[in-house]
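Student: Whatever this is, show me its structure:
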Amino acid sequence: MAVPVSFDQRSPGYSLERAYWLARASDLAYKDKSTIEQQAAEWGFPVVRHHETRFTPPFPLQDTQAYTMAGDDMIVTAFRGTEPQQIKDWLSDATTPPRPGPGGTGHVHQGFGEALESVYPEVRNTLAELRTNGQRVYFTGHSLGGALAMLAGARMFLEEPRLTADGVYTYGQPRTCDRILATAYDKGFKDRMFRFVNNNDAVPHLPPEPVYTHVRALRYIDSHGTLHETMPLVSGVADHATGLTADPFAPASDGMRDHFMRNYLAAMEKNLA
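Tutor: Predicted coordinates:
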């Protein structure tokens, strides 16, 4: 298997190739508007809409950025993440209160809920406008962007089923919701949600349990860069230790180093090679 040279819009279901391209779409969310538009056009998505808002929550987060690109067979909305150290410090605060989840189901992290709310109406309206011939819809994002992608999928599923996404792919996503919403999400998004975690990436372990948890569908990248569909408990613990000793001069940095989007992309490319 080789690294694909074009964005496949037509094939349904999960594939490593799709995970790779949506990882690239997540990475593109960090770029400026002109770069996003140029790259999207080269990938076969001639229509691009940008979503940006600023708000004032009781958290360091001050804005939400995302873009939607539409092609003949697929529409992708990619949410932008934030700096690794910033999100780590923010999510380490165990006092952050939850807020009611989408459709009144369970609860979500308040910061994530407010961040999504600031762009959700525009994203929803954009999808309703651009989905003119039954294109498949995907949400994706890295870090904070992954949390927003997951919650956007939940809102569509629970509040507007006609716009339910065909897939949600996240990379280095933090915990977003309680067990009630996670259970409903797992049921509704079985075989459509894929949460990638790179070895010792610290962000997926935040915010603290037990208030917040993860949805299922883990895809784990081990310390050698190999992708697994599950993470056995015993071998997983050993692999985490291997990752921590990979840099003997700065073992504590492994949790942030593994969070960088470039390392997720490198792992995807390795597994496609």
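
Student: Show the contacting residues for residue 189.
Tutor: Going by C-beta atoms under 8 Å, 6 or more residues apart in numbering, residue 189 touches 153, 157, 168, 215, 217. All C-beta spots, glycine's among them, are computed from the backbone N, C-alpha and C.

Student: all strands for the stretch 101-250 of the chain, in order.
Tutor: 107-109, 136-142, 167-171, 193-198, 218-221, 227-228 (DSSP state E, counting those that start in this stretch).

Student: hmm, back to that, hmm, which two among the contacts of residue 189 are most spread apart?
Tutor: The span of the contacts of residue 189, defined through C-beta to C-beta, is set by 157 and 217 at 14.3 Å.

Student: From the contacts of residue 189, which land in helices?
Tutor: Under the assignment DSSP state H, those contribute 153, 157 to helices.

Student: In JSON lines: the contacts of residue 189, plus pLDDT and distance to residue 52.
Tutor: Converted to JSON lines, those look like this (pLDDT from 0 to 100; distance: C-beta to C-beta, whole Å):
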{"residue": "153", "pLDDT": "95", "distance to residue 52": "20"}
{"residue": "157", "pLDDT": "92", "distance to residue 52": "25"}
{"residue": "168", "pLDDT": "97", "distance to residue 52": "21"}
{"residue": "215", "pLDDT": "92", "distance to residue 52": "27"}
{"residue": "217", "pLDDT": "88", "distance to residue 52": "29"}
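
Student: Can you lay out the contacts of residue 189 as a markdown table showing distance to residue 209 and neighbour count?
Tutor: Converted to a markdown table, those look like this (distance: C-beta to C-beta, whole Å; neighbours: other C-beta atoms under 10 Å):
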| residue | distance to residue 209 | neighbour count |
| --- | --- | --- |
| 153 | 22 | 28 |
| 157 | 24 | 22 |
| 168 | 22 | 29 |
| 215 | 14 | 24 |
| 217 | 18 | 20 |
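
Student: Out of the contacts of residue 189, flag the one nearest to residue 23.
Tutor: Distance to residue 23, by C-beta to C-beta, is smallest for residue 168 among those, at 13.0 Å.

Student: dump the residue contacts of the closest residue to that closest one other than its chain neighbours.
Tutor: Spatial nearest neighbour of residue 168, excluding adjacent residues (C-beta to C-beta, 6 or more residues apart in numbering): residue 153 at 4.2 Å. By C-beta under 8 Å, 6+ apart, residue 153 lies in contact with 139, 164-165, 168, 185, 189, 193.

Student: and of those, the nearest to residue 210?
Tutor: Residue 210 lies nearest to residue 185 out of the contacts of residue 153, by C-beta to C-beta, at 17.3 Å.

Student: What residues does the nearest residue to that closest one once chain neighbours are set aside make contact with?
Tutor: Leaving aside its chain neighbours, residue 185 sits nearest to residue 215 (4.9 Å; criterion: C-beta to C-beta, 6+ apart). By C-beta under 8 Å, 6+ apart, the contact set of residue 215 is 150, 177, 182, 185-186, 189, 193, 195.

Student: and the least confident of these?
Tutor: In this model, the minimum pLDDT among the contacts of residue 215 belongs to residue 189 (89).

Student: Going by neighbour count, which of the contacts of residue 215 are buried?
Tutor: For the contacts of residue 215, a burial check counting by 16 or more other C-beta atoms under 10 Å picks out 150, 177, 182, 185, 189, 193, 195.
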